[in-house]
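**Student:** okay, here's the prediction I keep looking at, along with the sequence it came from:
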Amino acid sequence: MSDLSYPIGKFQWSGIATPEDRRRCIATIAAAPAKLRAAVAGLTPRQLDTPYRPGGWTVRQVIHHLPDSHMNAFIRCKLALTENRPTIKPYDEKLWATLPDAEDTPVETSLALFDALHDRWVVLLRAMEPEDFSRLLVHPEHAAPLSLDWILALYAWHGAHHTAHITALRARMGWKAKPRTKSRKSKVENRKQKRKARTHRRK
């Protein structure tokens, strides 16, 4: 079961981050929303309500969890940048995933939220000076203060971790993305263009 829970492996932190490590993590965070959209493209409501592993969250819950988690991380970054070793408040992500908004909100809402959130976050991360990444925050569940380098590495991993839950499930189930059909509007436009072409030929 460990490969289903951690398809890209557990988070690992060496305690040291180079400028290249930071650039790579920021690029990963910047690319995360598009990769999540690609992972869920074409899924039916029934597929969205399928757990990614026995006893695990559904795909829908994973989609809603990602902006929940990354919003907290974004705010924690801003607290650490503007306060001296702020103590952050943990939250129960398992209970958050059972609230009505994680069941009844269309997934597109959270996909759009993830897009917008990462746009803001990446602007902030790319503007940070090297010394900013050594700023600390206090997490009550960790013995030692955490640096923003640690936060950056964790959430670069976190987005890829949950996206892999979905892509691994798709692969196991053999779910293929359905070809996109033309919208009603595009069909109407095509008919108008064909009529114009016929009229032009008559002239």
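**Tutor:** Perfect, thanks for sending it. Numbers count the residues shown, from 1 in each chain.
**Student:** avg pLDDT for stretch 5-23?
**Tutor:** Mean per-residue pLDDT for stretch 5-23: 95.
**Student:** for it, buried residues please.
**Tutor:** Within stretch 5-23, the residues that count as buried by 16 or more other C-beta atoms under 10 Å are P7, A17, D21, R22. All C-beta atoms are positioned from the backbone trio N, CA, C, and that covers glycine.
**Student:** contacting residues for the last one?
**Tutor:** I take that to be R22. Counting by C-beta atoms under 8 Å, 6 or more residues apart in numbering, R22 touches F133, D149, L152.
**Student:** for those, which one is nearest R53?
**Tutor:** Closest approach to R53 among the contacts of R22 (C-beta to C-beta): L152, at 27.2 Å.
**Student:** ok, now which ones touch the closest one?
**Tutor:** When contacts are counted by C-beta under 8 Å, 6+ apart, L152 touches A17, R22, C25, I26, I29, L125, F133.
**Student:** assumed it was part of a helix.
**Tutor:** Yes: counting by DSSP: H, G, I helix; E, B strand; the rest coil, one finds L152 located in a helix.
**Student:** ok, it to V62 distance?
**Tutor:** From L152 across to V62, the span is 21 Å (C-beta to C-beta, to the nearest Å).
**Student:** with H161 instead?
**Tutor:** 10 Å.
**Student:** neighbour count winner among these two?
**Tutor:** Looking at H161 and V62 with other C-beta atoms under 10 Å, you find the greater number of neighbours at V62, namely 26 against 20.
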